[in-house]
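K.L.:
Here is the input, now give the coordinates:
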Amino acid sequence: MDFLTNVVAFVIALGVIIFVHEAGHLLVAKAFDVRVLAFSLGFGKRLFGFRRGETDYRVSVVPLGGYVRLGGENPDEVSDDPREFLNKPRWQRILVYVAGPAMNVVLAIAIMTALFSLGTSVTMSLDRIEPVVGTVLDGSPGQAAGLEEGDRLVRLDGEPIDTYQDFVMGVSLAPEKKLALTVDRHGKEIDTTLTPAKADPMGYGDAGVLPRILPRVIQVSSDSPAATAGFEAGDELLAVDGRPLAGQEDFVQYLEGHPSQPVAVSVRRGGSRLTLTVTPNDVDGVGKIGVGIGYWARYPLGQALVESLRFNWNVTTQTLAVLGKILTRKVSPKNAVSGPIDIASLSGQALRTGPKELVYLMAIISISIAIFNLLPIPLLDGGQIFILLVEVVRGRDLSLTLKERIQQVGFLLIIMLMAAVILMDISKKLPEGLFGGG
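P.N.:
Prediction:
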C-alpha cells in the first residue's frame, strides 16, 4: 500500500512541477513567435496526447522530466525561417530558457503564500524556531550526547547555529558521523560530541532532539484587549512579565490568573522582539485578552507573500550552501542528494500525513529544480544560457562543431548524473555492508 501511495504522490508532485516548468518555456516561446513542435511531460515514447496547431501536446513513457521541442533549436537545423529558435535574438532565447526555472520559483512562492494564508504548522518554518532543546528522546543520540531540555544549541561541527533549521541541516547531512557540538546551559558553554543515527527510510541523520516550540497568535478578536495592545496574527509568544514561557498552557494560565492587571507580553514578529502591554478583561474572575493561539501560524495575504518570499529565499541559500559543501567534499552527495526513489518515498510520506504536507514538499522540490536547472551544465537551461552569454560577450556565435560537442558532452553528463543519483537512492535501501563496506 505504501508503494502505491508513493507512486501516486510522486506522479502528482513531479507532474505539477514539470508541467509548470515546461509551460514557462512554452508560453515565452509562443510569445516570441517561436515554432513549438512538441510539449511533453516525460521522455521517450509518446503514450497519449493531442495536437493543437503545430504543437503536439503529449505524455511520454518515462516520467522523470519533460521538454519543449522548438523548431530550429539544434545547431544542425539552421534555416532562413524567422520563426526558428536560432534565428531569434539572443535575449529572446535567454528569456525562453529562463522562463522554465522562473515558473518553478513562481510556483514555490504561490504554494507557500497559500499555505501561510490558510495556516501552517510552525514546524514548516524551522528557520523561525530558536535553537533551543525542547525534548530529548530516550535512547537517542541527543541523550547520549548529554543534551537537556532548555539547552541552547550554539555550534555544530564548527558552524554557528542561528536557528533550529541550521541544527537539523547539519545533523541530517552527517549520519553516523561524530560532530563536535557546543551548547549553552544556564549561561555556560558545554562541549560534547553528537553522532546522529541513520534515520530510516531515507538514511538522513537524526539526533532524536525536538525543538522548544512556542505558541503563536492565530487570530485577534476585534475590540479586544489584545487588539488594543497591538497583537497580530503570527506573533510568537515568548514571555510574560519577563518570565519565559514553557508552552501554550503556561501562557493561558498566567493571563487567566491576572484579570484587570497589566501584563507585559514579549513576542517575536518577523525578525524583531516586541513587548506588548495588555490588560486582560475580568470574566467571572478569569483573565481574557481575546486571542486564539496554537502551534501553527496564519497570516493575512500580504504578510503571507512576504513570509513565502522569506521562506523560499532561505531554501535557496540552504540549497546553495549544501552544493558548496558537496563541491568542497565537506558533505557526501549520498547524504545530501535525493533522486527519484527518495523523492517518491518523501512524497508518499507527505501524502500519508496530509495534503498540506505534500504541497509543502512540492514547493521545496520546485525551488530545488529551479536551482538545478540554472546550473551551467550543458543541455540544462543554465548551460544554454551560459553559452548564449558567452556569445553575447564574443559578439558572434560559437562554431557549429563546438556547439555539437558541447551538446554531446552535456548529454553524457546528464546521463551519468541521473545514473549516479539513482544508484545512490538504491544504495540507501540496501543493507549496510552488503558490498563489504562499513
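K.L.:
Touching, residue 367 and residue 105? I think so.
P.N.:
Yes - assessed by CB atoms under 8 Å, residue 367 is found in contact with residue 105 at 6.4 Å. C-beta: built from backbone N, CA, C; applies to glycine.
K.L.:
more neighbours, those two?
P.N.:
Taking other CB atoms under 10 Å, residue 367 and residue 105 do not tie; residue 367 has more neighbours (26 against 19).
K.L.:
any idea how far residue 154 is from that one?
P.N.:
29 Å (CB to CB, to the nearest Å).
K.L.:
got it, and residue 365?
P.N.:
Here the criterion is CB to CB. By it, residue 365 lies 32 Å from residue 154.
K.L.:
of these two, who's got more company?
P.N.:
More crowded of residue 365 and residue 154, by other CB under 10 Å: residue 365, with 21 against 18.
K.L.:
Spatially nearest residue to that one, not counting backbone neighbours?
P.N.:
residue 17 (5.9 Å; CB to CB, 6 or more residues apart in numbering).
K.L.:
same question for the helix or strand where residue 405 lies, mean pLDDT?
P.N.:
Using DSSP states H and E, residue 405 sits within helix 400-429. Helix 400-429 carries an average pLDDT of 81.
K.L.:
what's it packed up against?
P.N.:
Contact here means 3 or more CB pairs under 8 Å, 6 or more residues apart in numbering; DSSP states H and E; on that basis helix 400-429 packs against helix 333-336, helix 340-353, helix 381-394.
K.L.:
Find residues that contact each of residue 367 and residue 105.
P.N.:
residue 312 (CB atoms under 8 Å, 6 or more residues apart in numbering).
K.L.:
Would you confirm that residue 62 contacts residue 47?
P.N.:
No - here residue 62 does not reach residue 47: they are 10.0 Å apart, not a contact under CB under 8 Å.
K.L.:
Let me see the domain layout of this protein.
P.N.:
As given by automatic domain parsing, the domain ranges for the chain are 2-120+366-429, 130-211, 216-294.
K.L.:
Now those in TSV, please, with extra columns for distance to residue 344.
P.N.:
Formatted as TSV, these follow (distance: least, CB to CB, whole Å):
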stretch	distance to residue 344
domain 2-120+366-429	4
domain 130-211	11
domain 216-294	32
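K.L.:
coming back round to it: can you check which of the helices and strands packed on helix 400-429 gets nearest to residue 40?
P.N.:
With CB to CB, the closest approach to residue 40 among these belongs to helix 381-394: 15.9 Å.
K.L.:
and the closest one, which residues are buried?
P.N.:
Neighbour-count burial for helix 381-394, counted by 16 or more other CB atoms under 10 Å, picks out 381, 382, 383, 384, 385, 386, 387, 388.
K.L.:
What distance do you get for the fourth one to residue 421?
P.N.:
To tie it back to what came earlier, the one meant is residue 384. Where residue 421 is concerned, residue 384 sits at a distance of 21 Å (CB to CB).
K.L.:
again with the second one
P.N.:
In this structure, residue 382 and residue 421 are separated by 17 Å, where distance is defined by CB to CB.
K.L.:
on that earlier part again, which parts of the strand or helix carrying the residue nearest to residue 365 are buried?
P.N.:
Assigned by DSSP H and E, residue 17 belongs to helix 2-31. Buried residues in helix 2-31, counted by 16+ other CB under 10 Å: 5-6, 9-10, 12-14, 16-26, 28-29.
K.L.:
cool, and stretch 141-153?
P.N.:
In stretch 141-153, counting by 16+ other CB under 10 Å, buried: 141, 142, 144, 145, 147, 151, 152, 153.
K.L.:
Serialize these to CSV and add fields for secondary structure, pLDDT and distance to residue 73.
P.N.:
Output for those, formatted as CSV (DSSP: H, G, I helix; E, B strand; the rest coil; pLDDT from 0 to 100; distance: CB to CB, whole Å):
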residue, secondary structure, pLDDT, distance to residue 73
141, helix, 94, 51
142, helix, 93, 53
144, helix, 94, 57
145, coil, 94, 55
147, coil, 94, 56
151, coil, 92, 57
152, strand, 94, 55
153, strand, 95, 50
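K.L.:
Mind picking the two most distant members of those?
P.N.:
Counting by CB to CB, the most remote pair of the buried residues of stretch 141-153 is 144 and 152, 19.2 Å apart.
K.L.:
Which parts of this structure are helices?
P.N.:
Read by DSSP state H, the chain holds these helices, from start to end of the chain: 2-31, 90-118, 141-144, 164-172, 225-229, 248-256, 301-327, 333-336, 340-353, 355-373, 381-394, 400-429.
K.L.:
Pick the most buried one from those.
P.N.:
The highest mean neighbour count among the helices of the chain, using mean count of other CB atoms under 10 Å, belongs to helix 164-172: a mean of 23.
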